[in-house]
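Peer 1: Predicted model, plus sequence, below.
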Number of protein chains: 2
Amino acid sequence: MDIVCLVFDGLTALDAVGPYEVLSRVPGATFTFAAVEGGTVRTDNGVIALVPSAAMADVGSVDVLVVPGGLGTRRLVEDRRVLEWVGDAHGTTTWTTSVCTGSLVLAAAGLLDGVEATTHWSERATLSAYGATVLAQRVVERGKIMTAAGVSAGIDMALTLAARLAGPDVAQAIQLGIEYDPEPPFDTGSPDKAPAAVVELVRRHLAPAQT
Amino acid sequence: MDIVCLVFDGLTALDAVGPYEVLSRVPGATFTFAAVEGGTVRTDNGVIALVPSAAMADVGSVDVLVVPGGLGTRRLVEDRRVLEWVGDAHGTTTWTTSVCTGSLVLAAAGLLDGVEATTHWSERATLSAYGATVLAQRVVERGKIMTAAGVSAGIDMALTLAARLAGPDVAQAIQLGIEYDPEPPFDTGSPDKAPAAVVELVRRHLAPAQT
C-alpha cells in the first residue's frame, strides 16, 4: 500500500508529521513524502528543512493521498500542475485525505464540490467559497475523502484512517504505540471553547502560520 | 529566547515536531534543531530526512533544551560527547525537557538522579534503572526539568511549557492556533486503558520505533 504525502514550501510540519507518525506504522504500508518540486522543502516558518523521498511527478502508484496544510497552500491552489496531479492521483486512490488547509487544495482540484468537509477553523469561509459544504467537525469522512480540521487534527484523522486500512486492533495498537492519550493543559483547542480574547489574539498576532 | 531541540539519527519525528509546532510560536523564541553530528538526520524508520539548522557543537546559548526520543537514543546514552553537551547545556538552561525516551538521555547525563520523571510507557523500567523516580504521568515538572511520556505527549508538555514561558493566554492561543482539541477515535492511548491483547501487540510487533 503506497501512502503518499504531498510536501511543499510553506507547509505546517505537524500537519504532515502527525499522519506520517500514525500511517507509517500500518503494516504493509510504504510512506513517501513527495515534493511539488524536487529538492528540499521548508516549513511555513523556515525552521524545518525536509528532504523529500521523491518529486511529485516521479511518484507512481498512490493508494492513499495525504495533503497537509500551511501558508504554502495559497500558492498550490493556483498551481495547475499540482491541481492536475492531485486530481489524477484521486482517480486511483482508495483514500484521498487532507489536514488543515490541505482541504483547500482538494477543493481547488474540484474534489469537494458539494461534498461535506472540514479545514482549519480560521479558513472555513475560504473552503466554503470553493463549493464544499463545511462542517465544524474534527474529522469528516465522506466516501473515500477524509478531511481533518487544523494541524493537530491530522493525528485523529490518521488513526481513524488506520482503522479503515488495517482494522481497529491495529489502529488501537498504533495509538498506544505513540501513547496518544491526550491531556491538553487548557480547553481552548477550538474557537467555540476558547475565550473570545484568545480567539482574537490568534486571528491578529500569534499564529501567522496556522493556516 | 533560544529553544534548542537535539536531533539525531533514529529519532521519532513526532517527538520533535510536536514541541516544535508549539514552541516555535512562542513570541520572541528562536527554535533551532541542533544535530549531534553535522548533516542530515534520518528518523527511526528512515522515511524523514531532516536538515538541522546547526551542529550541536556550534550551538551557543540554550535557554530551553528539548530532547526527543526514538530508537536512536540507545546510541546517545552511550555517547560521552552527547551526555557532556546535555549536561553543559543544562547548566545554563531555564528549562530542560524531554519527550518519550529522550528522558533516558537526560538520565544518562546524570540529570535525573532521584528526580521524578516520565518516559514512554514501555521504557519505564529502563528509566528507573538509571536512578530516576518514574511516574506514570503524561507530563512531569520538577524544578526546571519537564519530562513527557511517549511521542504525542510532547504536545501536552510543550503547551504546559509555553504557559510557563509566556503565560497562559499565549499558551491557550497557541493551542487554538494548532486546533488542539483532540478527539482520539479510541481510548487506548495508555497501557492502563488498552486491552491486554493490544498492549501485547504493540510490545511484540507493531511499533518498533515507538521508543
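Peer 2: Noted; the coordinates are in hand.
Peer 1: Now do the buried residues in the helix or strand of chain A with the lowest mean pLDDT.
Peer 2: Least confident helix or strand of chain A, by mean pLDDT, DSSP states H and E, is strand A:49-51 with a mean of 90. Within strand A:49-51, the residues that count as buried by 16 or more other CB atoms under 10 Å in any protein chain shown are A:49-51. C-betas here are computed from N, CA, C, even on glycine.
Peer 1: what residue lies at the spatial centre of chain A?
Peer 2: The centroid of chain A falls nearest to A:Val99 when counting by CA atoms, centre = their mean (2.0 Å).
Peer 1: Just give me the neighbour total for the closest residue to that residue other than its chain neighbours.
Peer 2: Excluding its sequence neighbours, the residue lying closest to A:Val99 (CB to CB, 6 or more residues apart in numbering or on different chains) is A:Gly154, at 3.6 Å. Residues lying near A:Gly154 (other CB atoms under 10 Å in any protein chain shown) number 34.
Peer 1: same thing with A:Gly28?
Peer 2: With other CB under 10 Å as criterion, A:Gly28 counts 7.
Peer 1: list the contacts for it?
Peer 2: A:1, A:166 (CB atoms under 8 Å, 6 or more residues apart in numbering or on different chains).
Peer 1: Next, work out how far apart it and B:Ser190 are.
Peer 2: Applying CB to CB, to the nearest Å, the value for A:Gly28 to B:Ser190 is 26 Å.
Peer 1: pLDDT value on A:Val47, please?
Peer 2: Listed pLDDT for A:Val47 reads 88.
Peer 1: next one: A:Asp44
Peer 2: In this model, A:Asp44 is scored at 88, pLDDT.
Peer 1: follow-up on the earlier one: so what's the residue nearest to the centre of chain A up against?
Peer 2: A:15-16, A:18-19, A:66-69, A:147-148, A:151, A:153-154, A:157.
Peer 1: Can you tell me which of those residues are buried?
Peer 2: The buried subset of the contacts of A:Val99 (16+ other CB under 10 Å) comprises A:15-16, A:18-19, A:66-69, A:147-148, A:151, A:153-154, A:157.
Peer 1: now, which of the residues you listed lie within strands?
Peer 2: The strands, defined by DSSP state E, take in A:66-67, A:147-148 from the buried ones among the contacts of A:Val99.
Peer 1: what about stretch A:71-83 and chain B, any contact?
Peer 2: No: counting by CB under 8 Å from any CB of the partner chain, chain B is not contacted by stretch A:71-83; separation bottoms out at 12.7 Å.
Peer 1: Need the residues that contact that stretch.
Peer 2: A:6, A:8-12, A:36, A:44, A:56, A:101-102, A:104-105, A:107-110, A:208-209, A:211.
Peer 1: returning to that earlier point: which one of the buried ones among the contacts of A:Val99 is nearest to A:Ala171?
Peer 2: Nearest to A:Ala171 among those is A:Met157, at 11.6 Å by CB to CB.
Peer 1: Enumerate every residue touching that closest one.
Peer 2: A:19, A:97, A:99, A:138-139, A:146-148.
Peer 1: Return the closest of those with respect to chain B.
Peer 2: The closest of the contacts of A:Met157 to chain B turns out to be A:Arg138 (CB to the nearest CB; 4.8 Å).
Peer 1: could you pull out the helices for chain A?
Peer 2: A:13-23, A:73-76, A:80-92, A:102-108, A:124-129, A:153-166, A:168-177, A:196-201 (DSSP state H).
Peer 1: For the last one, name the packing helices and strands.
Peer 2: In other words, helix A:196-201. Packing partners of helix A:196-201 (3 or more CB pairs under 8 Å, 6 or more residues apart in numbering or on different chains; DSSP states H and E): helix B:168-177.
Peer 1: Give the buried residues for the helix it packs on.
Peer 2: Quick answer for helix B:168-177 (16+ other CB under 10 Å): B:169-177.
Peer 1: just these now: which is nearest chain A?
Peer 2: Distances from chain A to the buried residues of helix B:168-177, taken by CB to the nearest CB, are shortest for B:Gly177, at 3.1 Å.
Peer 1: The closest one touches A:Arg203, doesn't it?
Peer 2: No: contact status for B:Gly177 versus A:Arg203: not in contact, 9.7 Å apart, counting by CB atoms under 8 Å.
Peer 1: okay, and the common contacts of the two?
Peer 2: In contact with both B:Gly177 and A:Arg203: no residue, using CB under 8 Å, 6+ apart.
Peer 1: Quick check, pLDDT for the closest residue in space to A:Leu201 that isn't next to it in sequence.
Peer 2: Closest residue to A:Leu201 in three dimensions, ignoring its sequence neighbours and counting by CB to CB, 6+ apart: B:Ala173, at 4.5 Å. Per-residue pLDDT puts B:Ala173 at 96.
Peer 1: Surely B:Ala173 touches A:Glu200?
Peer 2: No: applying CB under 8 Å as the test, B:Ala173 and A:Glu200 come out as separate, 9.2 Å apart.
Peer 1: Would you mark the buried spots in stretch A:113-124?
Peer 2: Those would be A:115-124, for stretch A:113-124 by 16+ other CB under 10 Å.
Peer 1: So which of those residues would count as near chain B as well?
Peer 2: A:120-121.
Peer 1: Tell me which two in the buried residues of stretch A:113-124 are the farthest apart.
Peer 2: The span of the buried residues of stretch A:113-124, defined through CB to CB, is set by A:Val115 and A:Ser122 at 20.5 Å.
Peer 1: Can you give me the pLDDT of A:His205?
Peer 2: With respect to pLDDT, A:His205 has a value of 65.
Peer 1: can you tell me which residues contact A:Arg164?
Peer 2: A:Trp95.
Peer 1: quick one: pLDDT of it?
Peer 2: Listed pLDDT for A:Arg164 reads 98.
Peer 1: Return the distance of it relative to chain B.
Peer 2: 10 Å (CB to the nearest CB, to the nearest Å).
Peer 1: where does chain A have low pLDDT?
Peer 2: For chain A, residues meeting the criterion pLDDT under 70 lie at A:205-211.
Peer 1: try it again with 50
Peer 2: Residues of chain A that meet the criterion pLDDT under 50 lie in A:206-211.
Peer 1: filter the contacts of stretch A:71-83 to the buried ones?
Peer 2: A:6, A:8-12, A:36, A:44, A:56, A:101-102, A:104-105, A:107-109, A:209, A:211.
Peer 1: in chain A, what residue sits furthest out from the centroid?
Peer 2: Using CA atoms, centre = their mean, the residue of chain A lying farthest from its centre is A:Ala197. It sits 27.5 Å away.
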